[in-house]
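1. generate coordinates for the sequence data below:
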Amino acid sequence: MTAGLQEQRMLSPMLIRRYAASADGLLTGSSMVENFAVSQFREELGFSLIKVPIEGATAYEARRLIEYALRHAPLR
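-> Model prediction:
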């Protein structure tokens, strides 16, 4: 694993703690999530998201990140 990927995995929990209070939900997953526009969710569905993609993430990693968010972040 390259240093950039490791940093991305380490920064994700920090991003959740910092920005989750201003969002209704969390959008996470592999690098494909990077292509989603959170503005479309806000416009079409009426709620705001924070986007925390992890390049090459497995389902296990995404699940762990969601569990972390549910335990530590004040999502609305």
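2. would residue 28 count as being in a helix?
-> No - applying DSSP: H, G, I helix; E, B strand; the rest coil, one finds residue 28 to be strand, outside a helix.
3. how about it, what does it touch?
-> Contact analysis of residue 28 by CB atoms under 8 Å, 6 or more residues apart in numbering lists 12, 51, 52, 53, 54, 57, 62, 65, 66. The way it works is simple: take the backbone N, C-alpha and C, and place the C-beta from them, glycine included.
4. go on, residue 51?
-> 27, 28, 33, 34, 36, 38.
5. who does the second one bridge with?
-> It refers to residue 28. Residue 28 has these beta-bridge partners by DSSP bridges: residue 52.
6. would you check how far apart it and residue 19 are?
-> To residue 19, residue 28 is 13 Å away according to CB to CB, to the nearest Å.
7. with the first one instead?
-> To residue 19, residue 27 is 12 Å away according to CB to CB.
8. common neighbours of the two, please.
-> residue 50.
9. one step back: list only buried entries from the contacts of residue 28.
-> Among the contacts of residue 28, those scoring as buried are 12, 51, 52, 53, 54, 57, 62, 65 (criterion: 16 or more other CB atoms under 10 Å).
10. torsion angles phi and psi at residue 17?
-> Residue 17 adopts backbone torsions of phi -60, psi -40, taken as degrees, to the nearest 10.
11. packing partners for the lowest-mean-pLDDT helix or strand in the chain?
-> In the chain, no helix or strand scores lower on mean pLDDT, DSSP states H and E than helix 3-19, which sits at a mean of 80. When contacts are defined as 3 or more CB pairs under 8 Å, 6 or more residues apart in numbering; DSSP states H and E, helix 3-19 sits against strand 49-53, helix 59-72.
12. and those: which comes nearest residue 42?
-> Of all the helices and strands packed on helix 3-19, it is strand 49-53 that lies closest to residue 42, at 7.7 Å by CB to CB.
13. just the pLDDT for the residue most central in space within the chain.
-> Most central in the chain under CA atoms, centre = their mean is residue 52, positioned 2.6 Å from the mean C-alpha point. We have a pLDDT of 90 for residue 52.
14. hang on, isn't it packed against residue 12?
-> Yes - using CB atoms under 8 Å, residue 52 is in contact with residue 12, at 5.0 Å.
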